[in-house]
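Participant: Sharing a model prediction with you, sequence too.
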Amino acid sequence: MKPKTKLIHGGITGDPQTGAVSVPIYQVSTYKQEAVGKFNGYEYSRTGNPTRHALEELIKDLENGYAGFAFGSGMAAITSVMMLFNSGDHVVMTDDVYGGTYRVMTKVLNRLGIDSTFVDTTDITAVEQAIKPNTRAVFIETPTNPLLKVTDISKVSKKAKEHNLLTIVDNTFNTPYWQNPIEHGADIVLHSATKYLGGHSDVVAGLVVVNSQSLAEELHFVQNSAGGILGPQDSWLLIRGLKTLGVRMEEHEKNTAKIVQFLSEHPDVEKIYYPGLSTHPGNNIAVNQSRGFGGMVSFDIGSAEKADELLSKVKYFTLAESLGAVESLISVPARMTHASIPKDRRDELGITEGLVRISVGLEDAEDLIEDLKNALS
């Protein structure tokens, strides 16, 4: 089944009871049992809900995994995956990681005894040097947020297996339409489904896909025990959003290529971060492990003052958190999505006050370019 067909016909389609072509929203908390412990597939919606199950089956198919799981947010998904580990365990993580991920690892999960070391996972030697006797997993974000660094999933997965570690990949930026980490050796794939998978700025959700029965059983136990599940209404919205993911991702990328070309030629833009550029570090890896480069671009214009001036002038780019929506969004990571990362750490990574991140939407590319041109003038 080709990718666009799988988006529409993957998982569970329609309703055999009524013939409805759309999976119904099962707005229900509990289910009638024929006898004690005897029920027809569902007993309580924290444990399982038909609408959520349809979404979980769909994302499983899209990522070519063993089982899928839906959570109330991307951070709930990450936290639940980390609950697979025990106090005293250690995780090696990508250094240029989403601020919320950095925060939960260093401010919350560390209280429970789960330690983490942040390294440049594009450097396999740095990954190996960070592995300790108590390390249990390597967590990759690729491309990263906001510097769009590209990690070789196959190389890291191979190294992880040598040390009997799990490989976890945050695939939010590329989505399963452009990249399938399990095919490159990953054990667990994460998504902030709030972003491209939903695609319309109307749902907050997280999705996880695992590659084995044992991981599926462990994660379902955590999901049911901790209870950070996605509700049926939001599950249905994600199913609907995923049906158009292919056409949206292709259009995002077309628009992005034009905008990157414009930014590359603008004298006030000091640096551009985009995996689709041949000059971007990791471009060759992106070409080999992904089918596309996505719609995220970061560029540095030198100072916070210039960034603020740009933000005050744009009309079609909405100043907002998040990304991956039909409308174009713009942000300054140092003061927004990555403000929870200490300043010295941001400076070390290159997340400067003048770094601007844009999520290119589905507006006409010429309008978006004209908007940036006027704002930069």
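Facilitator: Happy to help now that I have it. Everything quoted here is computed from the prediction, not taken from an experiment.

Participant: so where do the strands sit in the stretch 151-300 of the chain?
Facilitator: Per DSSP state E, counting those that start in this stretch, the stretch 151-300 of the chain carries strands over the ranges 166-170, 188-192, 206-210, 271-273, 296-300.

Participant: between these, which gets nearest to D95?
Facilitator: strand 166-170 (13.3 Å; Cβ to Cβ). (Glycine included, C-beta is placed from N, CA and C.)

Participant: okay, the strands of the stretch 151-300 of the chain in JSON lines with mean pLDDT, distance to A54 and mean neighbour count next?
Facilitator: Formatted as JSON lines, the strands of the stretch 151-300 of the chain follow (pLDDT from 0 to 100; distance: least, Cβ to Cβ, whole Å; neighbours: other Cβ atoms under 10 Å):
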{"stretch": "strand 166-170", "mean pLDDT": "98", "distance to A54": "24", "mean neighbour count": "26"}
{"stretch": "strand 188-192", "mean pLDDT": "98", "distance to A54": "16", "mean neighbour count": "28"}
{"stretch": "strand 206-210", "mean pLDDT": "98", "distance to A54": "13", "mean neighbour count": "29"}
{"stretch": "strand 271-273", "mean pLDDT": "97", "distance to A54": "37", "mean neighbour count": "19"}
{"stretch": "strand 296-300", "mean pLDDT": "98", "distance to A54": "29", "mean neighbour count": "23"}
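
Participant: Straight-line length of stretch 339-348, end to end?
Facilitator: With Cα to Cα, to the nearest Å as the measure, stretch 339-348 spans 14 Å from end to end.

Participant: tell me the contacts of the spatially most central residue of the chain?
Facilitator: By Cα atoms, centre = their mean, the chain has its centre lying nearest to T172, at 1.8 Å. Going by Cβ atoms under 8 Å, 6 or more residues apart in numbering, T172 touches 74, 141, 145, 190-192, 195-196, 324.

Participant: same check, this time on I351
Facilitator: Applying Cβ under 8 Å, 6+ apart to I351 gives the contacts 96, 146-147, 333-334, 338, 341.

Participant: one more time with 6 Å, if that's ok
Facilitator: 333-334, 338 (Cβ atoms under 6 Å, 6 or more residues apart in numbering).

Participant: What about those residues, which one has the most neighbours?
Facilitator: H338 (25 neighbours; other Cβ atoms under 10 Å).

Participant: tell me which element V138 is part of?
Facilitator: Here V138, judged by DSSP states H and E, is contained in strand 135-141.

Participant: which helices and strands sit right next to that strand?
Facilitator: Contact here means 3 or more Cβ pairs under 6 Å, 6 or more residues apart in numbering; DSSP states H and E; on that basis strand 135-141 packs against strand 90-94, helix 153-162, strand 166-170.

Participant: residues of the longest one that come out buried?
Facilitator: Looking back up the chat, that one is helix 153-162. Buried positions in helix 153-162, judged by neighbour count with 16 or more other Cβ atoms under 10 Å: 153-157, 159-160.

Participant: As a markdown table, these with distance to N224 would be great.
Facilitator: Converted to a markdown table, the buried residues of helix 153-162 look like this (distance: Cβ to Cβ, whole Å):
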| residue | distance to N224 |
| --- | --- |
| I153 | 29 |
| S154 | 33 |
| K155 | 35 |
| V156 | 30 |
| S157 | 28 |
| K159 | 33 |
| A160 | 27 |
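
Participant: Let's have these in JSON lines, adding distance to G241 and pLDDT.
Facilitator: What follows is these, written out as JSON lines (distance: Cβ to Cβ, whole Å; pLDDT from 0 to 100):
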{"residue": "I153", "distance to G241": "25", "pLDDT": "98"}
{"residue": "S154", "distance to G241": "29", "pLDDT": "98"}
{"residue": "K155", "distance to G241": "32", "pLDDT": "98"}
{"residue": "V156", "distance to G241": "30", "pLDDT": "98"}
{"residue": "S157", "distance to G241": "29", "pLDDT": "98"}
{"residue": "K159", "distance to G241": "35", "pLDDT": "98"}
{"residue": "A160", "distance to G241": "32", "pLDDT": "98"}
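
Participant: biggest helix in the protein, by residue count?
Facilitator: helix 245-264 (DSSP state H).

Participant: What mean pLDDT does that helix get?
Facilitator: Averaging pLDDT along helix 245-264 gives 98.

Participant: What residues sit buried inside it?
Facilitator: Judged by neighbour count using 16+ other Cβ under 10 Å, the buried positions of helix 245-264 are 245-246, 248-249, 251-253, 255-257, 259-260, 262-263.

Participant: What pLDDT is listed against the closest residue to L112 other than its chain neighbours?
Facilitator: Once flanking residues are discounted, L112 sits nearest to S87: 5.9 Å by Cβ to Cβ, 6 or more residues apart in numbering. For S87, the model assigns a pLDDT of 98.

Participant: repeat for R345
Facilitator: 83.

Participant: show me what contacts it?
Facilitator: Neighbours of R345 in contact, by Cβ under 6 Å, 6+ apart: none.
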